[in-house]
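1. Based on what follows, work out the 3D shape:
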Amino acid sequence: MSRIEMNVVPMDWTQMELVMLFFGWEDCEPLHYWGPGVRDSYIIHYVHKGRGKVLMNDRQHMLTKGQGFLILPDTIVHYEADEADPWTYSWFGFKGVQAKAFMQRAQLNSDHPVFRARNEAALDGLYQEMVQVSGRSGADVFTQSLLYRLIAELIASSPEEEGKRQPSSTKEEYIRQAVRYMENRYSQKTSVLDIAQAVGLDRTYLSGLFKEKYGKPLQSFFLEYRMNRAAELLQSPMLSISEVAHSVGYTDPLLFSKMFKKVTGMSPKGARTKSAETSDTR
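-> Residues are numbered from 1 along each chain as shown. As a prediction, this is how the structure comes out:
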(Lines give C-alpha, C1' and ligand atoms only; values in the text may rest on other atoms or scores of the structure.)
Protein backbone atom coordinates (compact mmCIF):
# COMPACT_ATOMS: atom_id res chain seq x y z
CA MET A 1 0.00 0.00 0.00
CA SER A 2 1.28 3.45 -0.92
CA ARG A 3 0.00 6.47 0.98
CA ILE A 4 0.94 10.16 0.79
CA GLU A 5 -0.65 13.02 2.74
CA MET A 6 0.31 16.69 2.71
CA ASN A 7 -0.92 19.37 5.10
CA VAL A 8 -1.49 22.90 3.85
CA VAL A 9 -0.15 25.96 5.69
CA PRO A 10 -2.86 26.57 8.33
CA MET A 11 -5.19 29.51 7.76
CA ASP A 12 -8.02 30.85 9.90
CA TRP A 13 -10.95 29.06 8.24
CA THR A 14 -13.48 30.88 10.46
CA GLN A 15 -12.76 34.02 8.43
CA MET A 16 -12.86 32.47 4.96
CA GLU A 17 -15.56 30.88 2.87
CA LEU A 18 -13.28 27.97 1.90
CA VAL A 19 -9.87 26.82 3.17
CA MET A 20 -7.86 23.79 2.04
CA LEU A 21 -6.54 21.84 5.05
CA PHE A 22 -4.83 18.78 3.58
CA PHE A 23 -4.73 16.52 0.54
CA GLY A 24 -3.34 13.10 -0.23
CA TRP A 25 -3.14 9.98 -2.36
CA GLU A 26 -3.51 6.29 -1.52
CA ASP A 27 -2.97 3.14 -3.56
CA CYS A 28 -4.91 0.75 -1.35
CA GLU A 29 -4.33 -2.91 -0.60
CA PRO A 30 -7.27 -5.33 -0.97
CA LEU A 31 -9.96 -4.75 1.70
CA HIS A 32 -8.09 -1.76 3.17
CA TYR A 33 -10.65 0.26 5.12
CA TRP A 34 -11.26 3.28 7.33
CA GLY A 35 -13.96 3.57 9.99
CA PRO A 36 -16.60 3.42 11.13
CA GLY A 37 -15.67 6.88 12.40
CA VAL A 38 -16.23 10.60 12.04
CA ARG A 39 -14.11 13.48 10.77
CA ASP A 40 -14.28 17.18 11.69
CA SER A 41 -13.93 18.58 8.16
CA TYR A 42 -15.32 18.07 4.67
CA ILE A 43 -13.28 15.52 2.70
CA ILE A 44 -13.68 14.65 -0.97
CA HIS A 45 -12.30 11.29 -2.15
CA TYR A 46 -11.92 10.76 -5.89
CA VAL A 47 -11.33 7.29 -7.38
CA HIS A 48 -8.61 7.11 -10.06
CA LYS A 49 -8.79 3.36 -10.59
CA GLY A 50 -10.18 0.20 -9.01
CA ARG A 51 -13.31 -0.25 -6.94
CA GLY A 52 -14.53 0.15 -3.38
CA LYS A 53 -17.57 0.78 -1.22
CA VAL A 54 -18.79 3.50 1.14
CA LEU A 55 -21.28 3.06 3.98
CA MET A 56 -23.00 6.22 5.26
CA ASN A 57 -26.42 6.71 6.88
CA ASP A 58 -26.97 2.94 6.68
CA ARG A 59 -26.66 3.10 2.89
CA GLN A 60 -23.97 1.31 0.91
CA HIS A 61 -22.57 2.85 -2.26
CA MET A 62 -20.31 1.02 -4.73
CA LEU A 63 -17.79 3.21 -6.55
CA THR A 64 -15.41 2.80 -9.43
CA LYS A 65 -13.06 4.93 -11.56
CA GLY A 66 -14.37 8.43 -12.28
CA GLN A 67 -16.56 8.54 -9.18
CA GLY A 68 -15.99 10.06 -5.76
CA PHE A 69 -17.64 10.63 -2.41
CA LEU A 70 -17.98 13.31 0.25
CA ILE A 71 -17.35 12.80 3.95
CA LEU A 72 -19.24 15.40 6.00
CA PRO A 73 -18.16 16.65 9.43
CA ASP A 74 -19.46 14.58 12.35
CA THR A 75 -21.07 11.98 10.07
CA ILE A 76 -20.29 8.30 10.66
CA VAL A 77 -18.67 6.76 7.60
CA HIS A 78 -16.96 3.51 6.65
CA TYR A 79 -15.20 2.90 3.35
CA GLU A 80 -13.34 -0.13 2.06
CA ALA A 81 -11.31 -1.17 -0.99
CA ASP A 82 -12.50 -4.03 -3.18
CA GLU A 83 -10.79 -7.35 -2.60
CA ALA A 84 -10.18 -8.19 -6.25
CA ASP A 85 -9.65 -4.69 -7.66
CA PRO A 86 -8.74 -2.31 -4.79
CA TRP A 87 -9.12 1.36 -5.51
CA THR A 88 -6.60 4.15 -5.74
CA TYR A 89 -7.94 7.54 -4.69
CA SER A 90 -6.89 11.08 -3.91
CA TRP A 91 -8.52 13.13 -1.17
CA PHE A 92 -8.94 16.80 -0.33
CA GLY A 93 -9.94 18.11 3.10
CA PHE A 94 -11.39 21.58 3.61
CA LYS A 95 -13.50 23.81 5.86
CA GLY A 96 -14.98 27.29 5.65
CA VAL A 97 -18.09 29.27 6.47
CA GLN A 98 -19.49 28.59 2.98
CA ALA A 99 -18.37 24.95 2.72
CA LYS A 100 -21.84 23.62 3.52
CA ALA A 101 -23.47 25.97 1.01
CA PHE A 102 -21.09 24.88 -1.75
CA MET A 103 -21.80 21.21 -1.02
CA GLN A 104 -25.51 21.95 -1.18
CA ARG A 105 -25.02 23.49 -4.61
CA ALA A 106 -23.17 20.32 -5.64
CA GLN A 107 -26.12 18.33 -4.20
CA LEU A 108 -23.82 16.28 -1.98
CA ASN A 109 -25.01 15.25 1.48
CA SER A 110 -24.99 12.25 3.82
CA ASP A 111 -27.90 10.62 1.95
CA HIS A 112 -26.34 11.29 -1.47
CA PRO A 113 -22.55 11.47 -0.92
CA VAL A 114 -21.47 10.02 -4.29
CA PHE A 115 -20.79 11.89 -7.53
CA ARG A 116 -19.57 11.03 -11.02
CA ALA A 117 -17.08 13.47 -12.49
CA ARG A 118 -18.28 15.37 -15.53
CA ASN A 119 -14.65 16.02 -16.47
CA GLU A 120 -12.52 13.08 -15.33
CA ALA A 121 -9.31 14.56 -16.72
CA ALA A 122 -9.67 17.65 -14.51
CA LEU A 123 -10.00 15.60 -11.32
CA ASP A 124 -7.42 13.00 -12.36
CA GLY A 125 -4.73 15.70 -12.46
CA LEU A 126 -5.79 17.83 -9.51
CA TYR A 127 -3.69 16.04 -6.88
CA GLN A 128 -0.50 16.32 -8.94
CA GLU A 129 -1.16 20.03 -9.51
CA MET A 130 -1.44 20.54 -5.75
CA VAL A 131 1.83 18.69 -5.19
CA GLN A 132 3.55 20.83 -7.82
CA VAL A 133 2.47 24.15 -6.26
CA SER A 134 3.09 23.06 -2.66
CA GLY A 135 6.74 24.06 -2.72
CA ARG A 136 6.26 27.40 -4.45
CA SER A 137 6.11 30.85 -2.96
CA GLY A 138 2.46 31.64 -2.33
CA ALA A 139 1.62 27.93 -2.24
CA ASP A 140 -1.37 28.55 0.04
CA VAL A 141 -2.95 30.88 -2.53
CA PHE A 142 -2.29 28.48 -5.41
CA THR A 143 -3.80 25.65 -3.37
CA GLN A 144 -6.87 27.76 -2.62
CA SER A 145 -7.40 28.36 -6.34
CA LEU A 146 -7.21 24.61 -6.97
CA LEU A 147 -9.74 24.00 -4.19
CA TYR A 148 -12.18 26.34 -5.94
CA ARG A 149 -11.58 24.42 -9.17
CA LEU A 150 -12.46 21.20 -7.34
CA ILE A 151 -15.67 22.72 -5.97
CA ALA A 152 -16.56 24.06 -9.44
CA GLU A 153 -16.13 20.58 -10.92
CA LEU A 154 -18.36 19.09 -8.21
CA ILE A 155 -21.09 21.65 -8.90
CA ALA A 156 -20.79 21.08 -12.67
CA SER A 157 -21.11 17.32 -12.05
CA SER A 158 -24.26 17.65 -9.94
CA PRO A 159 -27.58 16.22 -11.19
CA GLU A 160 -29.06 19.74 -11.37
CA GLU A 161 -26.28 20.95 -13.66
CA GLU A 162 -26.56 17.82 -15.78
CA GLY A 163 -30.29 18.44 -15.99
CA LYS A 164 -29.70 21.87 -17.46
CA ARG A 165 -28.19 20.17 -20.47
CA GLN A 166 -31.41 18.22 -20.95
CA PRO A 167 -34.96 19.43 -21.62
CA SER A 168 -36.70 20.27 -18.35
CA SER A 169 -40.18 21.29 -17.36
CA THR A 170 -40.99 24.98 -17.32
CA LYS A 171 -41.96 24.80 -13.65
CA GLU A 172 -38.61 23.28 -12.67
CA GLU A 173 -36.76 25.92 -14.64
CA TYR A 174 -38.66 28.72 -12.90
CA ILE A 175 -37.78 27.23 -9.52
CA ARG A 176 -34.11 26.90 -10.48
CA GLN A 177 -34.01 30.52 -11.62
CA ALA A 178 -35.58 31.65 -8.35
CA VAL A 179 -33.12 29.65 -6.24
CA ARG A 180 -30.16 31.02 -8.21
CA TYR A 181 -31.49 34.55 -7.68
CA MET A 182 -31.73 33.91 -3.92
CA GLU A 183 -28.18 32.54 -3.83
CA ASN A 184 -26.90 35.72 -5.45
CA ARG A 185 -29.09 38.24 -3.59
CA TYR A 186 -29.71 36.85 -0.08
CA SER A 187 -27.13 39.26 1.37
CA GLN A 188 -29.00 42.26 -0.03
CA LYS A 189 -32.38 43.79 0.74
CA THR A 190 -34.41 41.39 -1.38
CA SER A 191 -38.13 40.66 -1.21
CA VAL A 192 -40.28 37.84 -2.50
CA LEU A 193 -41.67 40.28 -5.06
CA ASP A 194 -38.11 40.98 -6.30
CA ILE A 195 -37.58 37.25 -6.81
CA ALA A 196 -40.87 36.81 -8.68
CA GLN A 197 -40.16 39.80 -10.93
CA ALA A 198 -36.66 38.49 -11.70
CA VAL A 199 -38.15 35.16 -12.78
CA GLY A 200 -41.01 36.83 -14.64
CA LEU A 201 -43.89 35.23 -12.74
CA ASP A 202 -46.72 36.35 -10.52
CA ARG A 203 -45.62 36.22 -6.88
CA THR A 204 -48.53 34.02 -5.80
CA TYR A 205 -47.97 31.55 -8.64
CA LEU A 206 -44.23 31.25 -7.96
CA SER A 207 -44.92 30.76 -4.26
CA GLY A 208 -47.31 27.96 -5.20
CA LEU A 209 -44.58 26.24 -7.21
CA PHE A 210 -42.31 26.25 -4.15
CA LYS A 211 -45.15 24.95 -1.99
CA GLU A 212 -45.69 22.12 -4.47
CA LYS A 213 -42.00 21.16 -4.65
CA TYR A 214 -40.71 21.89 -1.13
CA GLY A 215 -43.84 21.86 0.98
CA LYS A 216 -43.45 25.51 1.94
CA PRO A 217 -44.22 28.83 0.23
CA LEU A 218 -41.50 30.96 -1.32
CA GLN A 219 -41.35 33.39 1.60
CA SER A 220 -40.69 30.59 4.11
CA PHE A 221 -38.13 28.96 1.80
CA PHE A 222 -36.20 32.22 1.40
CA LEU A 223 -36.33 32.97 5.13
CA GLU A 224 -34.93 29.54 5.98
CA TYR A 225 -32.25 29.93 3.31
CA ARG A 226 -31.11 33.22 4.86
CA MET A 227 -31.17 31.88 8.42
CA ASN A 228 -29.18 28.79 7.42
CA ARG A 229 -26.51 31.08 5.98
CA ALA A 230 -26.65 33.16 9.16
CA ALA A 231 -26.13 30.05 11.29
CA GLU A 232 -22.96 29.27 9.35
CA LEU A 233 -21.66 32.84 9.73
CA LEU A 234 -22.36 32.81 13.48
CA GLN A 235 -19.69 30.13 13.82
CA SER A 236 -17.12 32.89 13.23
CA PRO A 237 -16.43 34.68 16.54
CA MET A 238 -14.95 37.63 14.64
CA LEU A 239 -18.33 38.64 13.22
CA SER A 240 -20.75 40.50 15.47
CA ILE A 241 -24.43 39.54 15.39
CA SER A 242 -25.15 42.88 13.72
CA GLU A 243 -22.57 42.08 11.00
CA VAL A 244 -24.11 38.64 10.48
CA ALA A 245 -27.52 40.29 10.16
CA HIS A 246 -26.24 42.66 7.48
CA SER A 247 -24.55 39.73 5.70
CA VAL A 248 -27.92 38.03 5.17
CA GLY A 249 -29.85 41.15 4.16
CA TYR A 250 -31.15 42.53 7.48
CA THR A 251 -30.42 46.13 8.48
CA ASP A 252 -32.32 45.74 11.75
CA PRO A 253 -30.49 43.33 14.14
CA LEU A 254 -33.60 43.01 16.32
CA LEU A 255 -35.73 41.89 13.38
CA PHE A 256 -32.97 39.52 12.34
CA SER A 257 -32.85 38.00 15.84
CA LYS A 258 -36.63 37.56 15.81
CA MET A 259 -36.58 35.81 12.42
CA PHE A 260 -33.58 33.67 13.37
CA LYS A 261 -35.34 32.42 16.50
CA LYS A 262 -38.51 31.78 14.52
CA VAL A 263 -36.63 29.48 12.14
CA THR A 264 -34.08 27.83 14.45
CA GLY A 265 -35.80 27.95 17.82
CA MET A 266 -32.94 29.83 19.47
CA SER A 267 -31.45 33.31 19.49
CA PRO A 268 -28.36 34.14 17.42
CA LYS A 269 -26.38 34.47 20.66
CA GLY A 270 -27.62 31.08 21.83
CA ALA A 271 -26.72 29.48 18.50
CA ARG A 272 -23.22 30.94 18.68
CA THR A 273 -22.74 29.68 22.24
CA LYS A 274 -23.94 26.20 21.29
CA SER A 275 -21.59 26.13 18.30
CA ALA A 276 -18.63 27.15 20.47
CA GLU A 277 -19.44 24.49 23.07
CA THR A 278 -19.68 21.84 20.37
CA SER A 279 -16.29 22.86 18.96
CA ASP A 280 -14.70 22.74 22.43
CA THR A 281 -15.79 19.13 22.95
CA ARG A 282 -14.19 17.85 19.73
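2. Give me the residue ranges of this structure where confidence is low.
-> In the prediction, the chain carries residues with pLDDT under 70 at positions 1-16, 160-169, 277-282.
3. How are the helices of it distributed by residue range?
-> Listed in chain order, the helices found in the chain under DSSP state H are 99-105, 120-124, 126-133, 139-156, 159-164, 170-185, 192-199, 203-214, 218-233, 241-247, 253-264, 268-280.
4. Show me how the record splits the chain into domains.
-> The chain breaks down into these domains under automatic domain parsing: 2-162, 170-280.
5. a markdown table for these, including mean neighbour count?
-> C-beta: built from backbone N, CA, C; applies to glycine. Written out in a markdown table, the entries for those read as follows (neighbours: other CB atoms under 10 Å):
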| stretch | mean neighbour count |
| --- | --- |
| domain 2-162 | 17 |
| domain 170-280 | 16 |
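6. Quick check: bridge partners of residue 26?
-> When assigned by DSSP bridges, residue 26 has beta-bridge partners residue 3, residue 89.
7. Correct me if wrong: it contacts residue 81.
-> No - at 9.0 Å, residue 26 does not count as touching residue 81 under the criterion of CB atoms under 8 Å.
8. Overlap of the contact sets of the two?
-> residue 32 (CB atoms under 8 Å, 6 or more residues apart in numbering).
9. ok, the nearest residue in space to residue 36 that is not next to it in sequence to residue 229 distance?
-> Counting by CB to CB, 6 or more residues apart in numbering, residue 36 lies nearest to residue 78, which is 4.4 Å off, once chain neighbours are set aside. Applying CB to CB, to the nearest Å, one obtains 31 Å for the distance of residue 78 from residue 229.
10. Next: residue 252.
-> The spacing between residue 252 and residue 229, counted by CB to CB, is 17 Å.
11. Could you do residue 20 as well?
-> 22 Å.
12. At the geometric centre of the chain, which residue sits there?
-> residue 103 (1.8 Å; CA atoms, centre = their mean).
13. pretty sure that one is touching residue 71, no?
-> No - the pair formed by residue 103 and residue 71 falls short of the contact definition of CB under 8 Å, at 10.8 Å.
14. any common contacting residues for the two?
-> In terms of CB under 8 Å, 6+ apart, residue 103 and residue 71 are both contacted by the residues residue 42.
15. Take the helices of the chain and write them to JSON lines, including distance to residue 65.
-> Compiled in JSON lines, the helices of the chain are given as follows (distance: least, CB to CB, whole Å):
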{"stretch": "helix 99-105", "distance to residue 65": "23"}
{"stretch": "helix 120-124", "distance to residue 65": "8"}
{"stretch": "helix 126-133", "distance to residue 65": "15"}
{"stretch": "helix 139-156", "distance to residue 65": "16"}
{"stretch": "helix 159-164", "distance to residue 65": "19"}
{"stretch": "helix 170-185", "distance to residue 65": "30"}
{"stretch": "helix 192-199", "distance to residue 65": "40"}
{"stretch": "helix 203-214", "distance to residue 65": "34"}
{"stretch": "helix 218-233", "distance to residue 65": "34"}
{"stretch": "helix 241-247", "distance to residue 65": "41"}
{"stretch": "helix 253-264", "distance to residue 65": "42"}
{"stretch": "helix 268-280", "distance to residue 65": "37"}
